[in-house]
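S.K.: Predicted structure and sequence below. I'll ask about it afterward.
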Amino acid sequence: MEGETLVCLLPVPCVLGNLRPPRITALPGSTVPPKSHVTLLCQGPGQAEGYKISKVGSPEPMDKEEQITPRKTNTLSIAEMTTDQTGLYHCSYQRGGRWSQFSDPLQLVMTGAYEKPSLSSLAGTVVAPGENVKLQCFSKINYDVFILTKEGEDHITQNQSSMPQDRGRQTIFLLNPVSSTQAGTYRCYGAFRENPYLWSQPSDPLQLQVEGEEEAQSTHLTPALGADSVRLKHWLGKGTARGGVCVRHRLRHASLRDGRGWAMWVPGTLGGETPAGQK
């Protein structure tokens with residue numbers, strides 16, 4: 001067919017070369033405490049007819065029909081995180097009876113396996129724009145690797161081998177030169193090379209502020225109690241009324257600075273009302 005590149009090596013499902021690969025993410029995140037729930041989400045086009053989510057390198061099913069039968073949902077739910085579920089995952093989607101390329105891999109990690117390291121900023125936690133910032137991750141445990149993550153991002157910020165330091169191990173993460181995009185909350189983890197997807201407990205959070213730059217705008221909501229609660233990311237566009245919004249007094253208050261915010265939907269409530277005193 002003109003304009004299409006079809007690669008098909010049976011019994012592996014056919015791949016249509018010009019179908020754009022999907023994107024795989026983890027909710028609520030890809031660093032997961034033990035026995036916690038996580039959902040893998042494969043994001044493809046609206047015309048997708050089915051999805052396949054699998055661990056990279058996992059063997060294909062022996063049953064040929066199972067190999068080519070797509071899942072009707074684009075999610076994979078892991079009820080309790082264990083070491084067996086850690087690793088690299090990818091996904092693809094089916095359209096027109098053919099399969100897309102695989103997504104970029106997602107690293108699914110279980111945290112909490114070992115004692116937490118410490119994280120500090122050698123330049124202090126309030127720095128000037130353009131300054132070279134060094135974050136030190138240290139532990140008395142002989143971790144092979146330290147990993148730096150930033151809150152709100154679903155990927156590793158930096159990953160470096162450790163070095164001997166004061167009867168322990170450390171690494172120095174460089175943020176050069178620092179800018180407003182690097183302001184935020186950081187944590188570091190320790191890990192061993194033989195099991196790179198099993199991390200320590202997180203360090204205590206380190207809040208890095210950049211002088212002269214407006215703090216990142218954020219809101220904080222207390223989650224609704226109960227297993228049946230559902231969170232809805234509610235986008236309020238420019239020009240909306242500033243302040244809180246609610247759904248029959250059960251949609252949590254969201255503090256807004258620029259007309260954007262988070263809201264929480266509690267099942268069983270009806271929408272659209274603003275409480276008295278918040279107009």
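M.R.: Yes, it's here.
S.K.: unless I'm mixing things up, residue 140 is touching residue 165, no?
M.R.: No: using CB atoms under 8 Å, residue 140 and residue 165 do not qualify as a contacting pair, with a distance of 10.1 Å. From N, CA and C alone the C-beta is placed, and that goes for glycine too.
S.K.: mean confidence for stretch 180-192?
M.R.: The average pLDDT for stretch 180-192 rounds to 95.
S.K.: if I look at the nearest residue to residue 43 once chain neighbours are set aside, how far off is residue 76?
M.R.: Beyond its immediate neighbours in the sequence, the residue positioned closest to residue 43 (CB to CB, 6 or more residues apart in numbering) is residue 23, lying 4.6 Å away. Using CB to CB, to the nearest Å, one obtains 14 Å as the distance from residue 23 to residue 76.
S.K.: repeat for residue 189
M.R.: Using CB to CB, which is the criterion applied here, residue 189 is 24 Å from residue 76.
S.K.: For the stretch 51-200 of the chain, give me the ranges with low pLDDT.
M.R.: Low-confidence segments of the stretch 51-200 of the chain (pLDDT under 70): 59-71, 154-155.
S.K.: what about the helices in it?
M.R.: Assigned by DSSP state H, counting those that start in this stretch, the helices in the stretch 51-200 of the chain fall at 64-68.
S.K.: Residue 34 contacts residue 109, correct?
M.R.: No: with the criterion set as CB under 8 Å, residue 34 and residue 109 do not qualify as a contacting pair; they are 11.1 Å apart.
S.K.: Between the two, which is the more surrounded one?
M.R.: Looking at residue 34 and residue 109 with other CB atoms under 10 Å, you find the greater number of neighbours at residue 109, namely 22 against 13.
S.K.: wait, doesn't the more buried one sit right on residue 30?
M.R.: Yes: with contacts counted by CB under 8 Å, residue 109 reaches residue 30, the gap being 6.3 Å.
S.K.: And for residue 177, nearest residue in space, chain neighbours not counted?
M.R.: Once flanking residues are discounted, residue 177 sits nearest to residue 130: 4.4 Å by CB to CB, 6+ apart.
S.K.: Ok, residue 176 next?
M.R.: The shortest distance from residue 176 to any non-neighbouring residue, by CB to CB, 6+ apart, is to residue 132 (4.5 Å).
S.K.: residues in contact with that neighbour?
M.R.: For residue 132, the contacting residues are 123, 174-178, taking CB atoms under 8 Å, 6 or more residues apart in numbering as the criterion.
S.K.: What subset of those is buried?
M.R.: Among the contacts of residue 132, the ones that count as buried by 16 or more other CB atoms under 10 Å are 123, 175, 178.
S.K.: Specify which member of these is nearest to residue 101.
M.R.: Relative to residue 101, the closest of these is residue 175; by CB to CB it sits at 33.8 Å.
S.K.: Quick check: bridge partners of residue 190?
M.R.: Taking DSSP bridges, one finds residue 146 as the beta-bridge partners of residue 190.
S.K.: In this structure it contacts residue 141, no?
M.R.: Yes: in this structure, residue 190 is within contact of residue 141 by CB under 8 Å, at 6.2 Å.
S.K.: shared neighbours of those two, which are they?
M.R.: Counting by CB under 8 Å, 6+ apart, the residues touching both residue 190 and residue 141 are 114, 117, 169, 200.
S.K.: wait, which of the residues you listed is closest to residue 102?
M.R.: Of all the shared contacts of residue 190 and residue 141, residue 102 sits closest to residue 200, with 30.1 Å by CB to CB.
S.K.: I figured the closest one hits residue 117, correct?
M.R.: Yes: contact status for residue 200 versus residue 117: in contact at 6.4 Å, counting by CB under 8 Å.
S.K.: So which of these two has more stuff around it?
M.R.: Higher neighbour count among residue 200 and residue 117: residue 117, with 28 against 22, using other CB under 10 Å.
S.K.: I'd like to know how many residues surround the residue found closest to residue 87 once you drop the neighbours it is linked to in the chain.
M.R.: Of all residues beyond its chain neighbours, the one nearest residue 87 is residue 55 (5.2 Å), with distances taken as CB to CB, 6+ apart. Number of residues near residue 55 (other CB under 10 Å) recorded here: 16.
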